[in-house]
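Q: Return atomic coordinates for the entry below.
(chains A, B, C and D)
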There are 2 protein chains.
Amino acid sequence: MAVTMRQVAEAAGVSIATVSFVVNNSKPVTPETRRRIERAMAELGFRPNIVARALASRRTQILALVTPLSRLWPGAATREFILGAAQAAKDSNHHLVIWPVGNDGDELVALVGQKLVDGVLLMSVQLDDARVEALRGLDTPFTLIGRTRDLTGLDYVDVDIAASMRMAMDHLAGLGHRHIAFVNGTRDEEGVAGFGPYVRSEAAYRELSTERGIGPVVLYCRSDAASGREAARELLATAPSTTAVIIQDEAGAAGLTAELRRLDRPVPDDISVLSLLSSADFAEMCDPPLTTVTTPGMELGRLGVEALLRQLDNRPRLTAVLRTGVLARGGSTGPVGSRR
Amino acid sequence: MAVTMRQVAEAAGVSIATVSFVVNNSKPVTPETRRRIERAMAELGFRPNIVARALASRRTQILALVTPLSRLWPGAATREFILGAAQAAKDSNHHLVIWPVGNDGDELVALVGQKLVDGVLLMSVQLDDARVEALRGLDTPFTLIGRTRDLTGLDYVDVDIAASMRMAMDHLAGLGHRHIAFVNGTRDEEGVAGFGPYVRSEAAYRELSTERGIGPVVLYCRSDAASGREAARELLATAPSTTAVIIQDEAGAAGLTAELRRLDRPVPDDISVLSLLSSADFAEMCDPPLTTVTTPGMELGRLGVEALLRQLDNRPRLTAVLRTGVLARGGSTGPVGSRR
DNA sequence: TTGAAAGCGCTAACAG
DNA sequence: CTGTTAGCGCTTTCAA
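A: Coordinates of the predicted model:
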């Protein structure tokens, strides 16, 4: 059996309460007494039982990361996100549990009701998200990764898609491109309208193009290479003057690039392709090296945990955190004809 | 405050013990009494406090998934694995915590000492793994994902690399290929010798080639497209008669394919490429669709949890579970000249 | 079939 | 500064 506080107390000749004080640094203790206790702890190999502590203190030091059952953000940096969150949790003496739950809130309510976790991190939040409404009714603090339509009173961490899009367009414009198309992602289940990132990226693209007098060209593709190929053909058919394309899907980007090559419009020599909000893994796999704007998965995970812990500790809140993607230059060059 | 068992007991006019019996189905209870209690629970919205239960029963119903800090299996199906494990845990009323810890066992010992978890799942196990030795000294059950050199008394779940390699070679041989090369992964940190999957796949390849009278050709590449390109050049220089290549790295596969194309040996028309033990994400991103043998990440995660739970419940153990990768045909054809 | 009661190991008043 | 004590909410003998 594991060593308990009581045994430590006996060995050190003090009361169990005093041991608790030194373990948690919760009250002043004479250096001499402290030393005796620490010695006893070391000798006996004492490790506080975290479950007993949780029951007595009403603080489990456990956070939950709620992930959808379906892959919501296709091919995205989920792994990095999870690991970033787990790291951040550990760094502040917390544990992270993974809860894969459906999109209706009921299951989530049941889990939260178990009182296992102090707070909840909600991944892949949708514009209208039943899970959020469900959590609003409970008294467990939570933080969003992503954004709902109605954000009153909520804390969230998200990718700054508008800024990322601007970064992408600035990059391409800086290379001399004047005809920049956008291939947006799409998900049959809810249509383009429902998925926040898609909505926001398209809005940002349209706004920026108009602002710069670039006729907006928007196409769509699903999350596979074949769909990317289709987009390539459609692009050349409908907007042949295009010299650069921003695409928000990894698999789609791969297909698009390959098809452009097949159609004698090689990337990046003849047309530039930039993959928006892809994962780091993808970036290092592209060939030719595509320019990418990478989702900062780890950082978002860390920030999500940070925001949640602030709520739990009643520290100043982190209400609206946005992070721009990271630009990694591939082999993109300017449009044909404009090059030195 | 949340509803407690005591309140339910009062409302139903029974003792707290009886409530416990119906909640856990641990003792027979008169239908009539049971009904009263269930009614009270429903009306009050009672949810058992899992922490109190854990303290009293010495069973937390929490499992830990230990992941290395560094990416050990490059680009692999980590996400699927994590989600598979989380799902399986949930399906048997358990929780899964993620512990990103270093490779020395000390941190792990400290975490386990907290008595938060009933069992541990060790990911990315190395041939000589300090974490395993550390866990052997404790009394918390654990299961390996991967294998150590010394497996006595241990339960593990792993990819059957030999079988996967055989599947790959059979597939290619069936298409008529007689010159099949293998590009193994490599990791500078520990050399080829240290990483189990690399060791085993190479051994399997060599054995199978010898068996079939195919002179073995083995090259190495790191986990990036550039390294894959190098491998392509080296391959054509040293074994120009090669008609098919098996490569065990996703990024490397991308680079290899691209470089072969650039050198006028297009895939799959002129030479076949098969990506061994890659992730499902990768498979759907390849263009042209590469034939892949995919790591069954979800399934391994589920099986790991299953094996662990069996230990915990004293059910017949699952000591040595191996799963073969899943073959997904891409556009591979037979070698040039042998085609109809 | 049900109840009483003794913990599980620790925290947090409160008292001294 | 240290000790006493009453729980935290539930499980689990042991009796009734």
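
Q: Quick check: whatever residue of the stretch 201-340 of chain A ends up closest to DNA strand D vs DNA strand C, distance?
A: Residue nearest to DNA strand D within the stretch 201-340 of chain A: A:Leu312 (17.9 Å; Cβ to the nearest atom of the strand). The C-beta positions use only the backbone N, C-alpha and C, and glycine is treated the same way. Noted for A:Leu312: a distance of 14 Å to DNA strand C, by Cβ to the nearest atom of the strand, to the nearest Å.

Q: What of A:Val8?
A: Distance from A:Val8 to DNA strand C, by Cβ to the nearest atom of the strand: 7 Å.

Q: pLDDT score for A:Leu72?
A: Listed pLDDT for A:Leu72 reads 66.

Q: ugh, wrong one, I meant A:Asp281
A: If you check A:Asp281, the pLDDT there is 81.

Q: do you know how far the closest residue to A:Thr324 other than its chain neighbours is from chain B?
A: Take A:Thr324 and drop its neighbours on the chain: the residue closest to it by Cβ to Cβ, 6 or more residues apart in numbering or on different chains is A:Ala163, 4.3 Å away. Relative to chain B, A:Ala163 is positioned 26 Å away (Cβ to the nearest Cβ, to the nearest Å).

Q: Which element, helix or strand, includes A:Ala163?
A: Using DSSP states H and E, A:Ala163 maps to helix A:161-174.

Q: Output the helix or strand following that helix as PDB, nothing but the C-alphas.
A: Scanning forward in sequence from helix A:161-174 by DSSP H and E, the next helix or strand is strand A:180-185. Output of strand A:180-185 as PDB, limited to C-alpha atoms (Å, rounded to 0.1, in the frame of the first residue of the first chain):
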ATOM      1  CA  ILE A 180      -5.200  35.400 -57.100                       C
ATOM      2  CA  ALA A 181      -8.000  32.800 -56.800                       C
ATOM      3  CA  PHE A 182      -9.200  31.100 -53.600                       C
ATOM      4  CA  VAL A 183     -10.300  27.500 -53.300                       C
ATOM      5  CA  ASN A 184     -12.300  27.200 -50.200                       C
ATOM      6  CA  GLY A 185     -13.000  24.000 -48.300                       C
END
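
Q: Each with direction, which strands does strand A:180-185 pair with?
A: Here strand A:180-185 has these sheet partners by DSSP bridges: strand A:218-221 (parallel), strand A:244-247 (parallel).

Q: That strand vs helix A:161-174, what angle?
A: With axes from the mean of the first three to the mean of the last three Cα atoms, to 10 degrees defining the directions, strand A:180-185 sits at 150 degrees from helix A:161-174.

Q: remind me which residues of the stretch 1-150 of chain A are low pLDDT?
A: Segments of the stretch 1-150 of chain A classed as low confidence (criterion: pLDDT under 70) are A:72-76.

Q: Strands of that one, residue ranges please.
A: A:62-68, A:95-101, A:119-125, A:142-146 (DSSP state E, counting those that start in this stretch).

Q: Now do the next helix or strand after the shortest one: distance to the chain's middle.
A: Put plainly, it is strand A:142-146. Downstream of strand A:142-146, the first helix or strand assigned by DSSP H and E is strand A:155-159. Offset of strand A:155-159 from its chain centre (Cα atoms, centre = their mean, to the nearest Å): 8 Å.

Q: Report the inter-axis angle for strand A:155-159 versus strand A:119-125.
A: Between strand A:155-159 and strand A:119-125, the angle comes out at 40 degrees (the same axes, to 10 degrees).

Q: Partner strands of strand A:155-159 and their direction?
A: Strand A:155-159 has the following strand partners under DSSP bridges: strand A:142-146 (parallel), strand A:320-323 (parallel).

Q: For that strand, which residues meet the burial criterion?
A: A:155-159 (16 or more other Cβ atoms under 10 Å in any protein chain shown).

Q: Tabulate the CA atom coordinates of that strand in CSV.
A: Provided in CSV are the C-alpha atoms of strand A:155-159 (Å, rounded to 0.1, in the frame of the first residue of the first chain):
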residue,chain,number,x,y,z
ASP,A,155,-13.6,33.1,-23.7
TYR,A,156,-12.2,31.8,-26.9
VAL,A,157,-8.9,31.1,-28.6
ASP,A,158,-8.9,30.9,-32.4
VAL,A,159,-6.9,31.2,-35.5
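
Q: contact partners of that strand?
A: With contacts defined as Cβ atoms under 8 Å, 6 or more residues apart in numbering or on different chains, strand A:155-159 is touched by A:125, A:143-147, A:197, A:277, A:295-296, A:300, A:303-304, A:307-308, A:311, A:317-325.

Q: Could you give me the PyMOL syntax to select whichever of the residues you listed are buried?
A: Command for PyMOL that selects the buried part of the contacts of strand A:155-159, burial taken from 16+ other Cβ under 10 Å:
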select buried, chain A and resi 125+143+144+145+146+147+197+277+295+296+300+303+304+307+308+311+318+321+322+323+324+325
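
Q: Spell out which parts of the stretch 51-200 of chain A neighbour DNA strand C.
A: A:52-53, A:55-57 (Cβ under 7 Å from any atom of the strand).

Q: Looking at the buried residues of strand A:155-159, which is nearest B:Ala85?
A: A:Val157 (25.0 Å; Cβ to Cβ).

Q: partners of that closest one in the sheet?
A: As for beta bridges, A:Val157 partners with A:Ile145, A:Val321 under DSSP bridges.

Q: quick one: pLDDT of A:Tyr205?
A: At A:Tyr205, the predicted lDDT confidence score is 97.

Q: quick one, what contacts it?
A: With contact taken as Cβ under 8 Å, 6+ apart, A:Tyr205 is in contact with A:165, A:169, A:182, A:184, A:216, A:218, A:246.

Q: try 10 Å
A: Contacts of A:Tyr205 were listed using Cβ atoms under 10 Å, 6 or more residues apart in numbering or on different chains, and they are A:161-162, A:165-166, A:168-169, A:180-182, A:184, A:214, A:216-218, A:246, A:248, A:276.

Q: Restricted to buried residues, select those in ChimeraX.
A: The ChimeraX selection below is limited to those of the contacts of A:Tyr205 classed as buried (16+ other Cβ under 10 Å):
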select /A:161,162,165,166,168,169,180,181,182,184,214,217,246,248,276
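
Q: Helices along chain A, start to end?
A: Per DSSP state H, chain A carries helices over the ranges A:5-12, A:16-24, A:31-44, A:50-57, A:78-91, A:106-113, A:130-136, A:161-174, A:191-194, A:196-211, A:225-238, A:250-262, A:280-283, A:297-312.

Q: Please identify the buried residues of the fifth one?
A: Within helix A:78-91, the residues that count as buried by 16+ other Cβ under 10 Å are A:78-90.

Q: Please identify which of those residues is nearest to B:Glu43.
A: For the buried residues of helix A:78-91, the nearest to B:Glu43 is A:Ala89 (36.4 Å; Cβ to Cβ).

Q: quick one, what contacts that closest one?
A: Contacts for A:Ala89 (Cβ under 10 Å, 6+ apart) come out as A:61-63, A:65, A:95-97, A:121, A:301-302, A:304-306, A:308-309, B:97-100.

Q: Repeat that for A:Arg53.
A: Each residue near A:Arg53 by Cβ under 10 Å, 6+ apart is listed here: A:5, A:20, A:23-24, A:59-61, B:51, B:55, B:114.

Q: B:Asp264 versus A:Gln61, what's the distance?
A: Distance of A:Gln61 to B:Asp264, computed by Cβ to Cβ, to the nearest Å: 60 Å.
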